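**Q** no sequence on this one, just coordinates:
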């Protein structure tokens with residue numbers, strides 16, 4: 001909760017990846033608040049007030065996951081909304097000639113996105129979600145200690161650079177500084 005709040009202010013990409021991880025942690029604990037308390041909350045060494053706040057946060061996420069039927073897979077609507085906002089910003093940046101550097105970075109990333117989307121089957125994700133799915137998948141592989149090929153690492157480096165640029169522009173947009181900065 002505290003980490004999520006900080007990441008949301010500083011870097012929307014890190015926040016989203018963190019929240020996807022939280023969704024998976026909740027699933028790994030069977031959407032059971034008692035298990036989450038023992039396995040996660042108690043390990044933070046929080047005072048009673050902080051522990052209660054964090055417990056309520058997890059409880060609200062569990063409730064949302066049940067209501068939105070994402071207990072086994074998928075993402076909460078609040079996380080989907082961020083993807084939608086990032087996708088909207090992405091398209092706005094591509095349309096504006098003042099963001100030629102962003103457009104160039106996107107076109108450097110596009111071959112990797114196309115390759116990833118070709119592997120997705122019938123349920124194609126949009127470009128931005130495809131990038132996040134690749135980043136999250138790699139994060140999970142690293143956490144499992146699995147090897148990442150040189151080609152995959154090359155793709156991830158480019159995707160990371162592109163998403164970092166988008167996250168930077170998102171932060172500026174949230175601060176109402178994006179469009180005035182490039183004027």
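**A** That came through fine. Remember, predicted model here, so these are calculated numbers, not experimental data. Residues are numbered from 1 along each chain as shown.
**Q** what's the average pLDDT for stretch 129-140?
**A** The pLDDT scores in stretch 129-140 average 93.
**Q** Tell me the buried residues in it?
**A** For stretch 129-140, a neighbour-count test (16 or more other CB atoms under 10 Å) marks 129, 130, 131, 132, 134, 135, 138 as buried. From N, CA and C alone the C-beta is placed, and that goes for glycine too.
**Q** the longest helix in the protein is where?
**A** helix 150-174 (DSSP state H).
**Q** list the buried ones in that helix?
**A** Neighbour-count burial for helix 150-174, counted by 16+ other CB under 10 Å, picks out 155-156, 158-160, 162-163, 165-167, 169-173.
**Q** just curious, which of those is nearest to residue 37?
**A** Top of the list for closeness to residue 37, among the buried residues of helix 150-174 and by CB to CB, is residue 167 at 31.8 Å.
**Q** separation between the closest one and residue 145?
**A** From residue 167 across to residue 145, the span is 27 Å (CB to CB, to the nearest Å).
**Q** what's the answer for residue 128, then?
**A** Distance, residue 128 to residue 145, by CB to CB: 28 Å.
**Q** now residue 42
**A** Taking CB to CB as the measure, residue 42 falls 26 Å from residue 145.
**Q** And residue 55, by the same measure?
**A** Residue 55 is 31 Å from residue 145, where distance means CB to CB.
**Q** okay, among the buried residues of stretch 129-140, which ones form the most distant pair?
**A** 129 and 138 (14.9 Å).
**Q** can you pull the contacts of the nearest residue to residue 10 once chain neighbours are set aside?
**A** Among residues not flanking residue 10 along the chain, residue 171 sits closest, at 7.7 Å (CB to CB, 6 or more residues apart in numbering). Residue 171 is in contact with 10, 11, 12, counting by CB atoms under 8 Å, 6 or more residues apart in numbering.
**Q** Just among these, which is most surrounded?
**A** Within the contacts of residue 171, neighbour counts (other CB atoms under 10 Å) peak at residue 12, which reaches 23 neighbours.
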